[in-house]
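> based on what follows, work out the 3D shape:
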Amino acid sequence: MRAPNDAWNVELHVECLDGAAPVSGLPLLQLVAADAPESGPLELERYQLVASAAHGGTLQLTIEAEDTLGLLGSLLAQLANLDLYPIEMHIETRNGRAEDQLWLYTDQAPLPTAEQQQALEKALDAALCKS
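I've put the predicted structure just below:
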């Protein structure tokens, strides 16, 4: 979550599945320090976008997708192209599936504009996997 002084507060919760290696064996600090992977095209299975009163007024975006390397980077790049930024993110990965929630704001106005919301919906619709 982004704090009022623009610093980020980050919590990482890792749960080991039965039979998995212990968390103590994961190179978490090395992973944090590593360069971000190249982002591929954004591919979503579904999304929901609603107005939220959180943080003084935001757009709440919920996505579901197959968890792939670079998924979050692709999403954040799409948002940045629209001058939309997460003020809070809940990132969940379970059984190979990403189930993420982001609360979006803009530096241009107190709330994202209707035009930004429409542009985001268009970009998200284009990212839906066609089955």
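> show me where this protein has helices.
Counting by DSSP state H, the segments of the chain that form helices are 28-33, 71-81, 114-127.
> closest to residue 48 out of those?
helix 114-127 (9.6 Å; CB to CB). For glycine as for every other residue, the C-beta is placed from the backbone atoms N, C-alpha and C.
> what packs against the closest one?
strand 46-52, strand 58-66, helix 71-81 (3 or more CB pairs under 8 Å, 6 or more residues apart in numbering; DSSP states H and E).
> so which of those gets nearest residue 20?
strand 58-66 (19.9 Å).
> low-confidence ranges in the chain?
Low-confidence segments of the chain, defined by pLDDT under 70, are located at 36-37, 39, 110, 131.
> need phi/psi at the most far-flung residue of the chain relative to its centre.
For the chain, the residue at maximal distance from the C-alpha centroid (CA atoms, centre = their mean) is residue 19, at 28.6 Å. Per-residue torsions, residue 19: phi 90, psi 0 (degrees, to the nearest 10).
> could you check how far it is from residue 28?
20 Å (CB to CB, to the nearest Å).
> try residue 40
24 Å.
> re earlier: format the helices and strands packed on helix 114-127 as JSON lines; extra columns: mean neighbour count and distance to residue 105.
As requested, the helices and strands packed on helix 114-127 are arranged in JSON lines below (neighbours: other CB atoms under 10 Å; distance: least, CB to CB, whole Å):
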{"stretch": "strand 46-52", "mean neighbour count": "14", "distance to residue 105": "10"}
{"stretch": "strand 58-66", "mean neighbour count": "19", "distance to residue 105": "5"}
{"stretch": "helix 71-81", "mean neighbour count": "17", "distance to residue 105": "10"}
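> between the ones you listed, which one is closest to residue 4.
Proximity to residue 4 (CB to CB) singles out strand 58-66 among the helices and strands packed on helix 114-127, at 14.6 Å.
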